[in-house]
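[1] Make a model of this:
(one chain, ligands or ions: 1)
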Amino acid sequence: MKAGWYVLNYHNVDWENSLLTHALGGAVSPDIFRRHLSAFSRRGELISVQEGLKRLAEGVPFRRPAFSVWFDDGYSCVRKYALPICREFGITAAMSVCSRLALRQEMFWCAKLSYLSFVDGLRFLRSRLRPFGYERQENLKYWLFRNFTPQANAIIDEVYLRCSHEAFRSHAWKLFEDAQGIRELHKAGWLIANHSAGHYPLSDSDSPEYVRAQFQECDRFLDSLGAHERFYTVPFEYGRCAISEEYWAKLGLEGVLVKKQERISTPAAYRNRIIYRYTPITEYKSSRGIPIAALNVRHAIRYFLEKTRF
Ligand SMILES: [Zn+2]
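    Numbering: from 1, shown residues only. You can find the predicted model right below:
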């Protein structure tokens, strides 16, 4: 395995999925997360994100593979389960948060879709979106990735309100860390990054004003917490929902772009204010579509190592 710094991108760490998360994917249970860290620590060293950044800034060569952990979206179970596990391994991590989720201004729209799929509410959403070009049989989430507008977002919210009870919605906020919880993580030495205000699809085809406003709104929230590190992770970042390095440079945001791209982060890239993240396998499906890797860590890690050509 090549020496260098590997930043591993996780999302939620929880024992179970809820109605809001079962269709999101990317969650890992605490015991599996611990086994991942244990497996990575045997293949190199586990280091804190800040330690990795310091070595890049100082140009200290990595003599072995070094692994760090970076969580996206701001799930509250990360503090509950992953923080103590990271402590066991002597590291702090990073977490990217969305201000509107943390401030309870807006529930994550994909979580609303997840909920609606469970209560058979997507048919209402589909019919409401038909006048805007949505066609039957199309994958709704992918259609929304291409056609996400404030109007579409408002329709998702309307259907969510119609299909859910107020008590459920107020309980649902607990899925995401609030400002106080994020402050606690920051106090514990974690790096807090900007994942935009509302976790909307952002891409090169959006206007720079719109994209900049999404990140600046979250920056103001992070400033209010005393988290001024200025690291930016783009929501989704796959398929068309991605922002190129060229587009990013034009935005003029002072900070580091943290890309989801399976590459080692190097001092040269960091000087250009870019670092990269790998996606470890938290679950994958057999040829018949059955999730099999969640409980087979050795297989999952081997698959990850093969996939990323270490
Ligand atoms: Zn995200």
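[2] hey, where'd the strands end up in the stretch 151-300 of the chain?
    Counting by DSSP state E, counting those that start in this stretch, the stretch 151-300 of the chain has these strands, from start to end: 191-194, 231-232, 256-260, 274-277.
[3] hey, which of those strands is tucked in deepest?
    Among the strands of the stretch 151-300 of the chain, ranked by average contacts under mean count of other CB atoms under 10 Å, first place goes to strand 191-194 (a mean of 24). For glycine as for every other residue, the C-beta is placed from the backbone atoms N, C-alpha and C.
[4] Now do that strand: which elements does it pack against?
    Counting contacts by 3 or more CB pairs under 8 Å, 6 or more residues apart in numbering; DSSP states H and E, the secondary-structure elements packed against strand 191-194 are strand 94-97, helix 179-187, helix 208-225, strand 231-232.
[5] And those: which comes nearest the ion?
    Closest of the helices and strands packed on strand 191-194 to the ion is strand 94-97, at 6.8 Å (criterion: CB to the ion).
[6] who touches stretch 196-216?
    Residues from elsewhere that reach stretch 196-216 (CB atoms under 8 Å, 6 or more residues apart in numbering): 73, 98-101, 106, 108-110, 144-146, 148, 153, 194, 217-218, 221, 232, 234-236, 240-244, 247, 250-253.
[7] Grab the nearest non-local neighbour of the residue in the stretch 201-310 of the chain positioned nearest to the ion.
    Per CB to the ion, Pro235 is where the stretch 201-310 of the chain lies closest to the ion, at 4.8 Å. Counting by CB to CB, 6 or more residues apart in numbering, Pro235 lies nearest to His199, which is 4.6 Å off, once chain neighbours are set aside.
[8] Pull up the gap between that neighbour and the ion, please.
    Using CB to the ion, to the nearest Å, we find His199 at a distance of 6 Å from the ion.
[9] what does the domain assignment say about the chain?
    Domain assignment of the chain by automatic domain parsing yields the ranges 4-106+176-307, 120-163.
[10] Save those domains as JSON lines, and put in mean pLDDT too.
    Conversion of these to JSON lines gives the following (pLDDT from 0 to 100):
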{"stretch": "domain 4-106+176-307", "mean pLDDT": "90"}
{"stretch": "domain 120-163", "mean pLDDT": "95"}
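[11] right, so those domains: which one is the most enclosed?
    Comparing those on average neighbours per residue, with mean count of other CB under 10 Å, the densest one is domain 4-106+176-307 at a mean of 18.
[12] Give me the distance from it to the chain's centre.
    Taking the mean of its C-alpha atoms, domain 4-106+176-307 sits 5 Å from the chain's own mean (CA atoms, centre = their mean, to the nearest Å).
[13] Output the set of residues of this protein in proximity to the ion.
    Along the chain, the residues adjacent to the ion under the rule CB under 5 Å from the ion are Asp72, Asp73, Pro235.
[14] wait, doesn't the second one sit right on Cys98?
    This means Asp73. Yes: between Asp73 and Cys98 there is a contact at 6.9 Å, judged by CB atoms under 8 Å.
[15] okay if I get the domains of the chain as JSON lines plus distance to Ser170?
    As requested, these are exported to JSON lines (distance: least, CB to CB, whole Å):
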{"stretch": "domain 4-106+176-307", "distance to Ser170": "9"}
{"stretch": "domain 120-163", "distance to Ser170": "12"}
